[in-house]
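Colleague: here is my input, please return the structure:
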Amino acid sequence: MIVIQKKFINFLVISRGSISEVQNDLFIAKDLNYINDDEFQETYKDSKKIAKQINGLIKYLRTNEKTFSNK
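Modeller: So this is what the prediction gives:
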């Protein structure tokens, strides 16, 4: 069980990095006028919300790692 959890946490860390890449791409898309300011703001806000959720899940899993390994 602990190996699966560590792999999942690693997946979440990679996902968090992907969100950072998306946020960077949003700035580029806005600068190149591929998206307008409203689209940028809405999508960037969504990406921050998702990043916060992923961070919370990572923190929860790391905090409760011993609990899960005993089951």
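Colleague: for the protein, which spans come out with low pLDDT?
Modeller: 1, 66-71 (pLDDT under 70).
Colleague: let's see 90
Modeller: 1-5, 64-71 (pLDDT under 90).
Colleague: state which helix of it is the longest.
Modeller: helix 2-31 (DSSP state H).
Colleague: in that helix, what's buried?
Modeller: Within helix 2-31, the residues that count as buried by 16 or more other CB atoms under 10 Å are Leu12, Ile19, Leu26, Lys30. In this view, the C-beta of every residue, glycine as well, is placed from N, C-alpha and C.
Colleague: and those as TSV, adding distance to Lys48?
Modeller: Listed next are these as TSV, based on distance: CB to CB, whole Å:
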residue	distance to Lys48
Leu12	16
Ile19	8
Leu26	11
Lys30	15
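Colleague: and of those residues, the nearest to Ile4?
Modeller: Leu12 (12.7 Å; CB to CB).
Colleague: what's the next secondary structure element after the longest helix of the chain?
Modeller: helix 37-63 (DSSP states H and E).
Colleague: from the contact counts, what lies against that next one?
Modeller: Secondary-structure packing of helix 37-63 (3 or more CB pairs under 8 Å, 6 or more residues apart in numbering; DSSP states H and E): helix 2-31.
Colleague: show me what contacts Asn10?
Modeller: By CB atoms under 8 Å, 6 or more residues apart in numbering, the contact set of Asn10 is empty.
Colleague: Thr63: neighbouring residues, count only.
Modeller: For Thr63, the count of nearby residues is 9 (other CB atoms under 10 Å).
Colleague: hang on, I meant Gly56
Modeller: 10.
Colleague: distance of it from Phe8?
Modeller: Per CB to CB, to the nearest Å, Gly56 is found 14 Å from Phe8.
Colleague: next: Gln53.
Modeller: In terms of CB to CB, Gln53 sits 14 Å off from Phe8.
Colleague: next: Ala51.
Modeller: Ala51 is 17 Å from Phe8, by CB to CB.
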